[in-house]
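Student: Just need the structure, nothing else, for what follows:
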Amino acid sequence: MQSTTFTLEELAALLSKDNKAILSIADIMERTGWGRTKVYEAINSGKLKTIKDGRRRGSTINQFNQFIEDLERGHD
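Tutor: Residues are numbered from 1 along each chain as shown. As a prediction, the model looks like this:
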């Protein structure tokens with residue numbers, strides 16, 4: 001997986017978009033600028049933790065924030 005670097009301003013914008021408790025795959029795609037395939041690669045590799053409710057998959061804000069922090073630290 002390729003490392004992504006965010007400026008503090010970009011990271012703040014990503015984290016403050018809204019106050020949803022659970023982000024959908026579409027929300028994650030929008031916040032990262034990644035396509036569906038890259039998001040699912042992060043999920044399938046275990047780097048982006050998700051939860052599943054029936055057929056719906058999403059990531060809690062805490063899970064997503066941890067994923068972004070790991071990217072910032074270079075833990076890819």
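
Student: Tell me which other helices or strands the top strand by length along the chain touches.
Tutor: Under DSSP state E, the strand in the chain containing the largest number of residues is strand 56-60. When contacts are defined as 3 or more Cβ pairs under 8 Å, 6 or more residues apart in numbering; DSSP states H and E, strand 56-60 sits against strand 22-24, helix 25-32, strand 51-53. Quick note: C-beta positions are derived from backbone N, CA and C, even for glycine.

Student: Tell me which of those sits nearest to Ala42.
Tutor: Closest of these to Ala42 is helix 25-32, at 8.6 Å (criterion: Cβ to Cβ).

Student: got a list of contacts for that closest one?
Tutor: For helix 25-32, contacts defined as Cβ atoms under 8 Å, 6 or more residues apart in numbering pick out 4, 14, 17, 20, 23, 34-36, 38-40, 48, 57-59, 64.

Student: circling back to that earlier point, is it possible to get JSON lines of the helices and strands packed on strand 56-60 that adds mean neighbour count, mean pLDDT and distance to Glu72?
Tutor: Below are those laid out as JSON lines (neighbours: other Cβ atoms under 10 Å; pLDDT from 0 to 100; distance: least, Cβ to Cβ, whole Å):
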{"stretch": "strand 22-24", "mean neighbour count": "16", "mean pLDDT": "92", "distance to Glu72": "18"}
{"stretch": "helix 25-32", "mean neighbour count": "16", "mean pLDDT": "95", "distance to Glu72": "13"}
{"stretch": "strand 51-53", "mean neighbour count": "9", "mean pLDDT": "89", "distance to Glu72": "23"}
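
Student: so where's this structure uncertain?
Tutor: Counting by pLDDT under 70, the ranges of the chain that qualify are 1-4, 6, 9-19, 75-76.

Student: what residue of it is the furthest out?
Tutor: Within the chain, Gly54 marks the point farthest from the mean C-alpha position, 20.2 Å out by Cα atoms, centre = their mean.

Student: could you say which helix or strand contains the residue most central in space within the chain?
Tutor: In the chain, the residue lying closest to the centroid (Cα atoms, centre = their mean) is Phe64, at 4.4 Å. Assigned by DSSP states H and E, Phe64 belongs to helix 61-73.

Student: Buried ones in that helix, by neighbour count?
Tutor: For helix 61-73, a neighbour-count test (16 or more other Cβ atoms under 10 Å) marks 63-64, 67-68, 71 as buried.
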